[in-house]
Structure formats: C-alpha cells, structure tokens
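Peer 1: please work out how this folds:
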Amino acid sequence: MSKQVEWRKGTLRSVRDLTPDIRLFEIEPEGEFVVPTPGSHINVGVQIGERADVRSYSVVGACTDGLYRIAVKRLPDSRGGSLYMWSLSPGAKLSISTPGNHFDLSLGRPEYLLLAGGIGITPIYTMALALAHAEANFRVLYACRSRQDMALAEEMRAEVADRLQMFLDEESARVDLDAEIARLAPGGELYVCGPIGMLEAAKRAWQRSGRPVDQLRFETFGNSGRFATEAFKVKIPRLGMEVEVPPNKTMLDALEASGVAMISDCRRGECGLCALYIVETTGTVDHRDVFFSDEEKAENRKLCTCVSRVAGGDITIDTADRAA
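Peer 2: Numbers count the residues shown, from 1 in each chain. All right, here's what the predicted structure looks like:
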C-alpha cells in the first residue's frame, strides 16, 4: 500500500471521449509530481448539488509526463460524481490527491492473468502496460457489453498484441474462468477489476482451483449490483427514525444527512467500517461490497451502507450510533 495521500490543487488540461459514456480527463497538479504505480487511484473533490464530496478514480497509463489521467463513466443512476466530472471543461480548477494504491501489482511472478469488466479496464490497462514493459508473461481478458463500450482496447492492443482477448456480450462470448485459471502457471497471480458479479465469479473459480488466496488480487466499483438502483426506506426503531434513500444517494449518505452519526472510511465497500446489522427487510438486499464473504452475504446479517442497497422493498436496521 502506498504512503498517505496529500491534497493539492490541479487544473483540467484536456478531455477526450473514449466511448459514448466514458471520458478521459488529463489533470495537471500543482507542486511536486508523484508518479503513480500500477493500480493507483487519485481522489477528486466533486460538488454534488450544494454538498462537497470526494470520488476515487483509477489512474490510466504510466503518467510519467506530469499529468494524471483518469477515465470517468457517466452513469444513468449517478450519485452526482460522474455528472459533475462530465460538466467540467478544460481549464477547470480541481482539488485532487496524490496517488494512493490499494490494488498493487507485484512484479516477478511466473505469470499474470488480468481480468477486466467494463470501466474496470482502467487499472488493468495500466498493469498490462507495466507488465509489457517488464517483459513479463501475462494475458488480458476484457469483457464488455458491446464493441462501442470497449475503452482503451485499441491502445492496449497496440502495446500487448495478442496477449489481449476480448469478450463481448453482444457476440454471446463469455470468459471461462475455470479454464483460464487452469492455464495459469503455478505461482501465477490473477488480477480482477470489474462489477461485483464478475468479482464474485472469479473468487469462486479461484477457490475451486485450490490456489493460494493471496494470489488473487481484486478491485471493484460500488455502483455495480445485481439489481437496478431504486429508492428505498431505512427504518431505525431504536432511534425512532425512517430515512428515504433516493436512487442517487447511498444509504450511508442518506443516514448521515438525516443526522445519524456513522463511522466510515473507504466508501467503496472494502473496509467494512460502515456496516450495520439488518433486523428485517421486505425487499432483497443487494450486497455490493467486497468486505463480506459469499457466506456472510447469504446470512444477510449485516450490510455495508456505503454501497449496498435494497431492491423491491424496505429495510429495518440497528445501529448503536445516536442521532446528532
């Protein structure tokens, strides 16, 4: 993991559309430039209505020229971050962090399998370039809905050639995870970034393979779930509260806005600090985190409020935190 990040000012130098809904942003920071490592992200200050917030975006490419590049997918059910970013024009002033890394690439392994789904290509693309530069043995599997959704595919093909294999839903192509993992050399590592369904399938296949748990590395994005994002109510009987969670807010955001004192850190479904106990639900809990195991999610005892939601009903929770 990288050193603690620092905040500084930045200027948006250029934007470029990679697909109809993915845009590349080039940002020049003030002060000393910290070169990112593969798998890094930067935090960006965004404005959601009248409220300041922070979003985290993977760094795209080596970024050794003094510019940070990030790719932002415009989401129809955005909580406001992607819409804010897409509203910016070159010359805009930003507040950004130096790079952090929770998805480090370890060099020196006998082989690498990189798996990306959708916008999850951003860190995987950067890793592929680094591995190609290191003359490592690796393969890249890139899954998308359609050809027009494939960001950075041509750029990566130019760098890694036939090491890249693409799988398109529109062509009914699917990644055979068990077969791909079986091909991986002993001691090889699997890196996955994509929607929660892809990650869970990869974790199950990895477990079936009997390979060491620490040779599977992953990252996901909190907007990915099994159900469409919709509004739902959260009831907290011990506080006498009922909170509406709209489609463009997380449960954590809605609780905090209602005065419930919460504990949180990553806001990406990774650390588990914001998790609360489930008393009952009239809907289906859409667990979108990577903190709880499949077994724990099936038990439905707790959920990570920063990313998980409820579909088709409401939820009653318990929290030891008192209203502020």
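Peer 1: where does pLDDT dip in the stretch 1-150 of the chain?
Peer 2: 1-3, 77-79 (pLDDT under 70).
Peer 1: switch to 80 and redo it
Peer 2: Along the stretch 1-150 of the chain, segments meeting pLDDT under 80 span 1-5, 49-51, 76-80.
Peer 1: could you pull out the strands for it?
Peer 2: Using DSSP state E, counting those that start in this stretch, the strands of the stretch 1-150 of the chain run over residues 7-19, 22-29, 41-48, 51-58, 68-73, 93-97, 112-117, 138-144.
Peer 1: mind checking those strands for the one nearest to residue 303?
Peer 2: Closest approach to residue 303 among those is made by strand 51-58 (20.7 Å; C-beta to C-beta). (C-beta placed from N, C-alpha, C; glycine too.)
Peer 1: and the closest one with strand 41-48, angle?
Peer 2: Orientation of strand 51-58 against strand 41-48 (axes from the mean of the first three to the mean of the last three C-alpha atoms, to 10 degrees) gives an angle of 150 degrees.
Peer 1: so how far is residue 129 from residue 158?
Peer 2: Computed as C-beta to C-beta, to the nearest Å, the residue 158 to residue 129 distance reads 10 Å.
Peer 1: between the two, who's got more neighbours?
Peer 2: Each of residue 158 and residue 129 had its neighbours counted (other C-beta atoms under 10 Å), and the higher figure belongs to residue 129 (18 against 9).
Peer 1: and among the strands of the stretch 1-150 of the chain, the most buried is which?
Peer 2: By mean neighbour count, with neighbours taken as mean count of other C-beta atoms under 10 Å, strand 112-117 ranks first of the strands of the stretch 1-150 of the chain at a mean of 26.
Peer 1: what is it packed up against?
Peer 2: Using 3 or more C-beta pairs under 8 Å, 6 or more residues apart in numbering; DSSP states H and E as the contact criterion, the elements in contact with strand 112-117 are helix 121-133, strand 138-144, helix 177-183, strand 189-194, helix 196-209.
Peer 1: coming back round to it: present the strands of the stretch 1-150 of the chain as CSV; the columns should include distance to residue 176.
Peer 2: Formatted as CSV, these follow (distance: least, C-beta to C-beta, whole Å):
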stretch, distance to residue 176
strand 7-19, 26
strand 22-29, 26
strand 41-48, 30
strand 51-58, 26
strand 68-73, 26
strand 93-97, 38
strand 112-117, 12
strand 138-144, 10
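Peer 1: mind checking the ones you listed for the one nearest to residue 297?
Peer 2: With respect to residue 297, and counting by C-beta to C-beta, the nearest of the strands of the stretch 1-150 of the chain is strand 112-117 at 19.3 Å.
Peer 1: contacts for the closest one next, please.
Peer 2: Where contact means C-beta atoms under 8 Å, 6 or more residues apart in numbering, the residues beyond strand 112-117 that reach it are 124-125, 127-128, 131, 136-144, 175, 177, 180-181, 183-184, 188-195, 198, 202.
Peer 1: angle of it against helix 121-133?
Peer 2: Relative orientation of strand 112-117 with respect to helix 121-133: 160 degrees, computed using the same axes, to 10 degrees.
Peer 1: partner strands of strand 112-117, with direction?
Peer 2: Under the criterion DSSP bridges, strand 112-117 sits next to strand 138-144 (parallel), strand 189-194 (parallel) in its sheet.
Peer 1: output these in CSV; the columns should cover distance to residue 105.
Peer 2: Formatted as CSV, the strands paired with strand 112-117 follow (distance: least, C-beta to C-beta, whole Å):
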stretch, distance to residue 105
strand 138-144, 10
strand 189-194, 7
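Peer 1: so for residue 13, which of those sits nearest?
Peer 2: Minimum separation from residue 13 across the strands paired with strand 112-117 (C-beta to C-beta) falls at strand 189-194, 25.6 Å.
Peer 1: ok now the closest one, how far from the chain's centre?
Peer 2: Strand 189-194 has its C-alpha centroid displaced from the chain centroid by 12 Å (C-alpha atoms, centre = their mean, to the nearest Å).
Peer 1: what count of nearby residues applies to the nearest residue to residue 211 once chain neighbours are set aside?
Peer 2: Spatially, and ignoring its direct neighbours in sequence, residue 211 is nearest to residue 181 (7.2 Å; C-beta to C-beta, 6 or more residues apart in numbering). For residue 181, the tally of surrounding residues (other C-beta under 10 Å) stands at 19.
Peer 1: and the one 10 residues further on, by the same measure?
Peer 2: By the other C-beta under 10 Å criterion, the neighbourhood of residue 191 contains 28 residues.
Peer 1: circling back to that earlier point, can you tell me which of the helices and strands packed on strand 112-117 is most buried?
Peer 2: With neighbours defined as mean count of other C-beta under 10 Å, the helices and strands packed on strand 112-117 peak in mean count at strand 189-194, which reaches a mean of 25.
Peer 1: quick one: mean pLDDT for that one?
Peer 2: If you average the pLDDT over strand 189-194, you get 96.
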